[in-house]
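**Q** here's my sequence, what's the structure:
(one chain, ligands or ions: 1)
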Amino acid sequence: MTARLLIVGPQGSGKGTQGVRIAEALGIPAVSTGDIFRANIKGGTELGEKVKAITAAGNLVPDELTGEVVRDRLEQADAAQGFLLDGYPRNAGQAADLDAYLAGKGQALDAVILLEVPREESIARITQRAAEQGRSDDTEEVVAKRLAIYESETAPIVGTYAERGILDRIDGVGSLDEITSRIRAALAARGIAAV
Ligand code: AMP
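**A** Here you go, the predicted structure:
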């Protein structure tokens, strides 16, 4: 079985946490562009230096650079049988880049999970995460910008996945286990399940 998945949702929807849980259950790597950028910033790499100021301001890293990072990651052996993307694609250009890249390999996304949470709930969760983890881009001003970019650039790409019939809308309010179960049930209904 292959499973090429994407998890989408606003900041604070819990997509990072759920993405890791689902990927683990299916035996595929969770690929988070945000995590890759943060690791590079922490490690002081050339990529980290390039994206440091951009991510700290809550802006999007240029599509070309982000696409390169994602393609490099997806070429690694552990992603041959599938992957779960978290945080990419984030706009129409990136979505088209991903489609073209996968099509070139005779592949396509199998399912897209949209985690839906009310705005107040996602803001409350980010505020809590800011207190716990101290992420430099979790300040009120930067969070507002990231949410605005989600609404204007990321949310619109979801419609194209719905048209393709690969979108699963999941209620993201509940306990971690409840939400994981909802996602796993939706994927199982598509024949995507751990063997
Ligand atoms: P995240 O953890 O997914 O919220 O990502 C943290 C930050 O990394 C974002 O606010 C952006 O600055 C950058 N980033 C992550 N993914 C992307 C992407 N697909 N395109 C552009 N920038 C991204």
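**Q** so which residues on this protein come close to the ligand?
**A** 11, 33-34, 37, 54-55, 58-61, 66, 87-88, 90, 94, 137, 146 (Cβ under 6 Å from any ligand atom). To be clear about C-beta, it is placed using only N, CA and C from the backbone, and glycine gets the same treatment.
**Q** got a pLDDT number for the residue nearest in space to the middle of the chain?
**A** Taking Cα atoms, centre = their mean, the centroid of the chain lies closest to Asp86, which sits 1.8 Å from it. We note a pLDDT of 98 for Asp86 in this prediction.
**Q** if we can go back for a sec, among the residues of the chain next to the ligand, name the ones in strands.
**A** Per DSSP state E, strands hold no members of the residues of the chain next to the ligand.
**Q** what subset of those is buried?
**A** Among the residues of the chain next to the ligand, those classed as buried by 16 or more other Cβ atoms under 10 Å are 11, 33-34, 37, 55, 58, 60-61, 66, 87-88, 90, 94, 137, 146.
**Q** what sits up against the lengthiest helix in the chain?
**A** In the chain, taking DSSP state H as the definition, the longest helix is helix 119-133. By Cβ atoms under 8 Å, 6 or more residues apart in numbering, the list of residues contacting helix 119-133 from outside reads 10-14, 117, 135, 138-139, 143, 147, 172-173.
**Q** reformat the residues you listed as JSON lines; add pLDDT.
**A** Shown next, in JSON lines, are the contacts of helix 119-133 (pLDDT from 0 to 100):
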{"residue": "Pro10", "pLDDT": "94"}
{"residue": "Gln11", "pLDDT": "90"}
{"residue": "Gly12", "pLDDT": "90"}
{"residue": "Ser13", "pLDDT": "93"}
{"residue": "Gly14", "pLDDT": "93"}
{"residue": "Val117", "pLDDT": "94"}
{"residue": "Arg135", "pLDDT": "78"}
{"residue": "Asp138", "pLDDT": "81"}
{"residue": "Thr139", "pLDDT": "82"}
{"residue": "Val143", "pLDDT": "87"}
{"residue": "Leu147", "pLDDT": "91"}
{"residue": "Gly172", "pLDDT": "96"}
{"residue": "Val173", "pLDDT": "96"}
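**Q** and of those, the nearest to the ligand?
**A** Gln11 (5.6 Å; Cβ to the nearest ligand atom).
**Q** now the closest residue in space to that closest one that isn't next to it in sequence: how far from Asp72?
**A** Once flanking residues are discounted, Gln11 sits nearest to Arg146: 5.1 Å by Cβ to Cβ, 6 or more residues apart in numbering. In this structure, Arg146 and Asp72 are 24 Å apart, going by Cβ to Cβ, to the nearest Å.
**Q** ranges for the helices of the chain?
**A** Using DSSP H, helices in the chain cover 15-26, 33-43, 46-56, 63-74, 92-103, 119-133, 140-149, 155-163, 176-188.
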